[in-house]
Each structure stands twice: as C-alpha cells, then as structure tokens.
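# coords below, sequence missing:
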C-alpha cells in the first residue's frame, strides 16, 4: 500500500509517483514518525551538496553541466580519499553515561576492499582507478568547477541586484516628487 508522501502536494510529480508506486518505491521527505528528521536530511546535504555546490540556485544548462562534472570529481574525492568513521556500538563510562564507539577511519574504497565481496577483476579495476587519481589535481579541479559556478551565480545575482536597485531608485524618485496638484 502506498503511503502518502510527507511533502506538500504542490511539489509532487504525480507521474513519477505513480511510476514509483508500481515498482513499490516510496517517497518521503524524512523517516516516518521522526518529526525532527529534517535536520538529519539537511546534515547529509550539508556534507556534500552544500559543501561543494554551495547554496545557490543553478538553473541554466551551463550550470547543470558544470555541476555534473563537479559531482564526478567530488565522488572520486569522497570515495577514494575521504576517510570516515563508522559506529560500531556503545559503551558506558564509570558514571554510567553511554558513549558511542567507532571503528578506525577508512575510505569507502578501502572498506569495500576489506569487505571481501569484490571479484579479483573488480578489485583490479578499482585499484587502477585509484592509481590514476592525483589527489592534488582532484582538489584543483573541484576548486575550478566551484569558481566557475560562483562566477555564474555572481553574474545572475548582480543582474538581479542592479534591477532591484533601479526599481528602488524609481520608487524613491516617485516618493520625492510628491503629489502634483493643479495650481489655482
């Protein structure tokens, strides 16, 4: 049975919802029965999307193309060179407070190799990709894409600001001229 989505109806693409329902894919904004879950969702966005793509609105084809290239490079950086800690359990200190336990930080690439679920060919393919990547060059590419996105967003922002400024000046001019009456 399809659960009603959490988000308001005006933001739903109904064709996609019906397609997904036929395949038993359900859309929700956050986890069910977790009213404070939006912070969790946003923290995940902040980890990658906001950190690398910023808070601007990208709506042109050029911006989307740059974003697509940026996400390719960011994916390599996060998967091959960004180590993360994973929770492994809980412990209690002497006063009885619970404390989260974590494993040693590893990159997703190394976690996948350690899991032992890859065939030899898959391991060699990932190792070849890893050897080809230069972390410094990767960082420079990310910065280049970010600079291009910022400049495109800046141009749009300056255009909007100039338009608002001209409208503000026109309002000020109307306000200072006062009400004209016919002289008697």
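All right, it came through fine. Just so you know, these numbers come straight off a predicted model, no measurement behind them.

# ok, then the element right after the lowest-mean-pLDDT helix or strand in the chain?
Lowest by mean pLDDT, DSSP states H and E among the helices and strands of the chain is helix 38-45, with a mean of 60. As assigned by DSSP states H and E, the chain's next helix or strand after helix 38-45 is helix 51-53.

# Can you list phi and psi of residue 96 for me?
phi 90, psi 0 (degrees, to the nearest 10).

# Next one, pLDDT for it please.
Per-residue pLDDT puts residue 96 at 90.

# How many neighbouring residues does it have?
By the criterion of other C-beta atoms under 10 Å, residue 96 has 6 neighbours. C-betas here are computed from N, CA, C, even on glycine.

# Adjust the sequence numbering to begin at 48 for everything that follows.
All set: I'll call the first residue 48, so the last point we hit is now residue 143.

# any weak-confidence spans in the chain?
48-59, 73-93, 222-231 (pLDDT under 70).

# Pick out the residue nearest the middle of it.
residue 96 (1.9 Å; C-alpha atoms, centre = their mean).

# so who does that one touch?
With C-beta atoms under 8 Å, 6 or more residues apart in numbering as the criterion, no residue contacts residue 96.

# Distance of residue 186 relative to residue 158?
For residue 186, the distance to residue 158 equals 22 Å [C-beta to C-beta, to the nearest Å].

# Oops, could you answer that again for residue 129 instead?
Residue 129 sits 12 Å away from residue 158, taking C-beta to C-beta as the criterion.

# same check, this time on residue 166
17 Å.

# between these two, who's got more neighbours?
For residue 166 and residue 158, the more surrounded residue by other C-beta under 10 Å is residue 158, and the numbers stand at 14 against 8.

# Can you list the buried residues in whichever helix or strand that one is part of?
Residue 158 belongs to helix 155-162 when assigned by DSSP H and E. Within helix 155-162, the residues scored as buried using 16 or more other C-beta atoms under 10 Å are 156, 159, 160.

# go on, stretch 100-107?
So, applying 16+ other C-beta under 10 Å, buried residues of stretch 100-107: 100, 105.
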